[in-house]
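>>> I need the structure of the sequence given here:
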Amino acid sequence: MRGMTYEKVAKLLTEKYGKNVTAQSLNNKIARGSIRYIDILQICDVLGYKIKWE
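Below you'll find the model as predicted:
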């Protein structure tokens, strides 16, 4: 949406959380539908989004 690629998001996650995230692993999780809630929270965080439950 903001010109982000899997590569850019993976790099931001690696830098902020110290995890070895690759673009391929991120893509695989999303494609399989096996992404964890904590991963979604961290992705939202590095992109500047927040999840709001109402």
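
>>> for the chain, which spans come out with low pLDDT?
Residue ranges of the chain with pLDDT under 70: 1-2.

>>> once you drop chain neighbours, what's closest to the residue nearest in space to the middle of the chain?
For the chain, the residue sitting closest to the mean C-alpha position, by CA atoms, centre = their mean, is residue 43 at 3.2 Å. Spatial nearest neighbour of residue 43, chain neighbours left out: residue 9 (6.3 Å); criterion: CB to CB, 6 or more residues apart in numbering. All C-beta spots, glycine's among them, are computed from the backbone N, C-alpha and C.

>>> got it, and residue 36?
Per CB to CB, 6+ apart, closest to residue 36 is residue 29, 7.9 Å.

>>> and the host helix or strand of the residue nearest to the centre of the chain, how far from the chain's centre?
Assigned by DSSP states H and E, residue 43 belongs to helix 37-47. Centroid separation for helix 37-47 versus its chain: 5 Å, with CA atoms, centre = their mean, to the nearest Å.

>>> report all helices and strands that it contacts.
Helices and strands touching helix 37-47, by 3 or more CB pairs under 8 Å, 6 or more residues apart in numbering; DSSP states H and E, are helix 6-17.

>>> from the contact counts, what lies against the helix it packs on?
helix 23-32, helix 37-47.

>>> quick one, which of those is nearest to residue 4?
helix 37-47 (6.7 Å; CB to CB).

>>> contact partners of the closest one?
Helix 37-47 is contacted from outside by 2, 4, 9, 12-13, 16-17, 29, 50-51, using CB atoms under 8 Å, 6 or more residues apart in numbering.
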